[in-house]
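Novice: quick one, what's the 3D model for this:
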Amino acid sequence: MNFVAMSKLLNQIDQIELRIKALMDENRRLQMEAVDRQKVIDSLEKEIEEAQETIRSGAESMIALKTANAMLGSDDYKTKTKLKINALVKEIDQCIAQLA
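Specialist: Have a look, this model is predicted:
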């Protein structure tokens, strides 16, 4: 092999080494970016879980408040309250009938 051919081969090898180094650097950068994004995903998933728990708690509180309002006879729940009272009266009547 002559000097010119050898020089071209060395130049090509240098170019390949530079490309490999660039690819390795890009790979490291992308891995670090993936780790950062996974941290963001984990954080968002935790926020979602907390929000869902808050929603569940709020829904339970709302049901309890609606029930309390119904028992207190608020205007919105008068029908529901009347139905509950009628059911209780029927149950009491049945108890009285069994005792008699």
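Novice: pLDDT score assigned to the residue nearest the centre of the chain?
Specialist: The residue lying closest to the centre of the chain (CA atoms, centre = their mean) is Ile48, at 3.2 Å. On pLDDT, Ile48 comes in at 96.
Novice: shaky segments in the protein?
Specialist: 1, 73-77 (pLDDT under 70).
Novice: the strands in it, which residues?
Specialist: In the chain, no segments count as strands under DSSP state E.
Novice: quick one: the helices in it?
Specialist: Assigned by DSSP state H, the chain shows helices spanning 3-72, 78-99.
Novice: so which elements touch the longest one?
Specialist: Pointing back at helix 3-72 there. helix 78-99 (3 or more CB pairs under 8 Å, 6 or more residues apart in numbering; DSSP states H and E). Where C-beta positions appear, they are placed from N, C-alpha and C, glycine not excepted.
Novice: packing partners for the helix it packs on?
Specialist: So helix 78-99, by 3+ CB pairs under 8 Å, 6+ apart, packs with helix 3-72.
Novice: just the angle between the helix it packs on and helix 78-99, please?
Specialist: 60 degrees (axes from the mean of the first three to the mean of the last three CA atoms, to 10 degrees).
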